[in-house]
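Undergrad: below: sequence and its predicted model.
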Amino acid sequence: MEMVRTEALTRSFGDLVAVNRIDLTVEKGEIFGIVGPDGSGKTTTLRMLSGLINPTRGSASVAGYDVVTRSTEVKDRIGYMAQRFGLYVELTVQENMDFYADLFGISADDRENLGKRLLHMTRMEPFRDRLAGQLSGGMKQKLGLMCTLLHRPEILFLDEPTNGVDPVSRRDFWTILYELVKDGLTVVVTTAYLDEAERCDRIALMYSGRIIRAGAPEQLKQSLQETCYEIRTSDNRRARAALQGMPQVLSVTPSGQALHVFVSRDVSVSSLHRLLSEAGCEVHEIQTIAPSMEDVFIALIEKESKTATVP
């Protein structure tokens, strides 16, 4: 069952096209990631899907309802967690939850039962009497998530929920999302972290307002026609400059003490050796590797940029 569908969804602000004719679908019970750098259109997309702003052109439906003509029905079925959730720092964890339960009109029995479950799931039980203003960043995000879930939404929209959160809290947050999906919830999450993209069932890679590729993470890794090499040399800076001047090279990205290079499949390892040696670099190692999601995204952006500059 489709929980989200968009067709040529577009949003402009004056002359700026923030979201440019995107088509995507999200199935019930999956974690769908919208991945891209700041300014790529992720937040604007979520705001349109949540019925907070109307598209300039195109259409979108959530849980079977049009986000423009049936926005009330949409809002009744979603949970939306913005980058800065509206917590009340002078209230405790429990008081924040009670406040949002009142806003949603949740009965005393429901809020008691669901509240206990959410506190247990997020391991926030010991902190229910702590002021929200005294919580760590990760705990604030957990509290925001609990408040968003109190009215039992069918689909959850999360806008960069782990931005600025420490690695342990990020891992805990994703563990909670997996538990929610097991219970039938659908999650759409935006993130700029490419490692988080690999945690999603499917992702859409977004750049300059457009979706440049969508699919399962492993599918996207295998979709590029170029081969990914890890190259180690005596002078990676000089090696990078030499490789970037090679027409068959799509992208060159530093990765620790190595370079990750996407090259046309007709380029041999021996020709790479020869190029680097002629550039004055001693080659320590050249090996084929499985690219990371970050490698793939950078390569796709390079491909988009080169295509855009072709007259």
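TA: Good, I have the coordinates.

Undergrad: what ranges of the stretch 51-200 of the chain fall below the confidence cut-off?
TA: Low-confidence segments of the stretch 51-200 of the chain, defined by pLDDT under 70: 85.

Undergrad: skip the chain neighbours and tell me the closest residue to Arg47.
TA: Nearest residue to Arg47 in three dimensions, chain neighbours excluded: Ile53, at 4.8 Å (C-beta to C-beta, 6 or more residues apart in numbering). In this view, the C-beta of every residue, glycine as well, is placed from N, C-alpha and C.

Undergrad: how about the contacts made by the one you found?
TA: When contacts are counted by C-beta atoms under 8 Å, 6 or more residues apart in numbering, Ile53 touches 11, 44, 47.

Undergrad: what number of residues lie near the residue nearest to Gly164 when sequence neighbours are not counted?
TA: Closest residue to Gly164 apart from its sequence neighbours, by C-beta to C-beta, 6+ apart: Gly137 at 6.0 Å. Neighbourhood size, Gly137 [other C-beta atoms under 10 Å]: 13.

Undergrad: run through the helices of the stretch 101-250 of the chain in chain order.
TA: Secondary structure of the stretch 101-250 of the chain by DSSP state H, counting those that start in this stretch: the helices cover 108-121, 137-149, 167-182, 194-197, 217-221, 236-244.

Undergrad: quick one: the residue lying closest to Arg210 once chain neighbours are set aside and Met293, what's the gap?
TA: Distances taken as C-beta to C-beta, 6+ apart place Asn20 nearest to Arg210, at 4.9 Å, with adjacent residues excluded. Going from Asn20 to Met293 by C-beta to C-beta, to the nearest Å gives 23 Å.

Undergrad: ok, now Pro153?
TA: Per C-beta to C-beta, Pro153 is found 28 Å from Met293.

Undergrad: and what of Ala60?
TA: As judged by C-beta to C-beta, Ala60 and Met293 stand 26 Å apart.

Undergrad: what's the answer for Ala82, then?
TA: Counting by C-beta to C-beta - Ala82 and Met293 are separated by 25 Å.

Undergrad: is it correct that the residue nearest to Gly164 is in contact with Ser169?
TA: Yes: assessed by C-beta atoms under 8 Å, Gly137 is found in contact with Ser169 at 6.9 Å.

Undergrad: now do the contacts for the most centrally placed residue in the chain.
TA: In the chain, the C-alpha nearest the mean C-alpha coordinate belongs to Thr191, at 3.0 Å (C-alpha atoms, centre = their mean). By C-beta under 8 Å, 6+ apart, the residues touching Thr191 are 33-35, 160, 162-163, 197.

Undergrad: for the stretch 201-311 of the chain, give me the ranges with low pLDDT.
TA: Filtered on pLDDT under 70, the stretch 201-311 of the chain yields the residue ranges 306-311.

Undergrad: try 80 this time
TA: Within the stretch 201-311 of the chain, the stretches with pLDDT under 80 are 305-311.

Undergrad: just the strands in it please.
TA: With strands called from DSSP state E, counting those that start in this stretch, the stretch 201-311 of the chain shows them at 202-207, 210-215, 227-233, 249-255, 258-263, 283-288.

Undergrad: now mean neighbour count and distance to Ala101 too, for the ones you listed, in TSV please.
TA: What follows is the strands of the stretch 201-311 of the chain, written out as TSV (neighbours: other C-beta atoms under 10 Å; distance: least, C-beta to C-beta, whole Å):
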stretch	mean neighbour count	distance to Ala101
strand 202-207	24	33
strand 210-215	18	36
strand 227-233	21	50
strand 249-255	19	47
strand 258-263	22	49
strand 283-288	13	55
